[in-house]
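Student: everything below, folded, please.
(one chain, ligands or ions: 2)
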Amino acid sequence: MNLASSTSHDPIILGIETSCDETGVGIVQGRTLLANHLASSVDEHARFGGVVPEVASRAHLEAMVPTIQQACHSAGISVTDIDAVAVTAGPGLVGALIVGVASAKALGLALAKPVYGVNHLAAHVLVDELEHGPLPEPVVGLLVSGGHSSLIRVSDGSFESLGSTLDDAAGEAFDKIARLLGLPFPGGPEIDRVAVEGDPQAIDFPRALSVDPAHAFNFSFSGLKTAVARWIKEQQMLGNNISVPDVAASVQEAIADILTRKAVAATMEFGAAHLVIGGGVAANSRLRALAEERCAAAGISVRIPRPGLCTDNGAMVAALGSHVVRLGAPASPLDFPASSTMPIAQILR
Ligand code: KG4
Ligand code: ZN
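Tutor: Numbers count the residues shown, from 1 in each chain. Ligands and ions are numbered 1, 2, ... in the order given. Purely as a prediction, here's the structure:
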């Protein structure tokens, strides 16, 4: 907790996150985290090998009120103590987003408090303020989740896209490759776990777009998935035993290598001395270690929130809400829609 960065005069912001399968409610005052509660429907999706939007939406509806109550209880506040409500307006699964947006509007109306519809991707970056204090600017952000892999630049409080994935996101690659290896969903944490026993140099999987200057800050991961599928098939045809830890470690190395290489290059190219990494994949142990190593070698400071703040949560939404309130931004109009494709440059509806 960073108690030094908030005062008792800072507004209390309650953040609601429902863009995918986690119902998150976080409470933040200034840059101090007061509570962060999560109800996940991940177990309900596991047998389908991916998130089923309708199931996620229904689970959000059931979890919303109890999760708000738990968060207020943990923060030691009454719901009437909240000064503003922030909610993920997008991007994400539209049905899931609508549950959060409608809940936030209802809460705001009932309490007569402003509602801020904020960007999920920007929230993955801003959440780091809860752990490491104000973000230095300019800063380059590497945003790696189940749905997005992007490099962004944050300057004067605004967000600009530098590049993104042309096909699968990094988390999607982890999830799909884990499935090829017979590991359960979500695959990222499973690959991270299994890779500990493997040799990261065992198989030299491709690093796509590593030399093409036109795609210096873009990513592509669908070729990696195909390469792993092809490699597994070849080994099976040859009658060879497949070492799941070796494949997991080699895949993890390929993904961490390309992400950190491009993130360091972007940070240097755009004259920033700081890199911040956010999103579910930022919980990956090899990505964290390699980022620390390469940033130290390049003289860049790197900030990565603790794993529990990297994956989807309500605190990140409250942190971004706190940021826009500090900027003096007007509240969102009460008819603002949920947007499945909200662009990173738009941090507030
Ligand atoms: O940010 P997030 O919780 O949800 C989205 O906004 O997508 O990211 C979820 C993604 C999943 O693809 C999951 O497999 C991946 O983050 N992930 C990880 C790890 N923990 C979560 N990937 C690699 N290593 C991890 N430790
Ligand atoms: Zn996310």
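Student: thought residue 263 was touching residue 151?
Tutor: Yes - using CB atoms under 8 Å, residue 263 is in contact with residue 151, at 6.4 Å. For the C-beta atoms, the positions are set from N, CA and C on the backbone; glycine is no exception.
Student: overlap in contacts, those two.
Tutor: Listed contacts common to residue 263 and residue 151 are 140, 142; contacts here mean CB atoms under 8 Å, 6 or more residues apart in numbering.
Student: the helix or strand of the chain at the bottom of the mean pLDDT ranking near ligand 1 at all?
Tutor: Across the helices and strands of the chain, mean pLDDT, DSSP states H and E gives its lowest value to helix 42-46, namely a mean of 88. No - using CB under 6 Å from any ligand atom, helix 42-46 never reaches ligand 1; the gap is at least 9.8 Å.
Student: buried ones in whatever helix or strand comes next after that helix?
Tutor: Downstream of helix 42-46, the next assigned helix or strand under DSSP states H and E is helix 53-75. Residues 53, 55-61, 63-64, 67-68, 70-72, 75 are the ones in helix 53-75 that count as buried (16 or more other CB atoms under 10 Å).
Student: what's the answer for stretch 215-222, then?
Tutor: For stretch 215-222, using 16+ other CB under 10 Å, the buried residues are 216-221.
Student: need those in CSV with pLDDT, distance to ligand 1 and secondary structure, can you?
Tutor: Shown next, in CSV, are the buried residues of stretch 215-222 (pLDDT from 0 to 100; distance: CB to the nearest ligand atom, whole Å; DSSP: H, G, I helix; E, B strand; the rest coil):
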residue, pLDDT, distance to ligand 1, secondary structure
216, 96, 24, coil
217, 97, 20, coil
218, 98, 19, coil
219, 98, 14, strand
220, 97, 16, coil
221, 97, 11, coil
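Student: what's the closest of these to residue 279?
Tutor: Nearest to residue 279 among the buried residues of stretch 215-222: residue 219, at 12.6 Å, using CB to CB.
Student: quick one: the closest one and residue 162 touch, right?
Tutor: No - judged on CB under 8 Å, residue 219 makes no contact with residue 162 at a distance of 11.3 Å.
Student: the biggest helix by length in the chain near ligand 1 at all?
Tutor: What stands out as the longest helix in the chain, according to DSSP state H, is helix 244-269. No - residues of helix 244-269 contacting ligand 1 under CB under 6 Å from any ligand atom: none, with a closest distance of 7.4 Å.
Student: same check on stretch 15-32?
Tutor: Yes - Stretch 15-32 lies within reach of ligand 1 by CB under 6 Å from any ligand atom, at residue 20.
Student: do that stretch and ligand 2 meet at all?
Tutor: No - against ligand 2, stretch 15-32 shows no contacts by CB under 5 Å from the ion, the least distance being 6.4 Å.
Student: just the closest of the buried residues of helix 53-75 to ligand 1, please.
Tutor: residue 56 (11.5 Å; CB to the nearest ligand atom).
Student: correct me, but the closest one touches residue 20?
Tutor: Yes - here residue 56 reaches residue 20: they are 6.6 Å apart, a contact under CB under 8 Å.
Student: give me the common contacts of these two.
Tutor: 93, 96.
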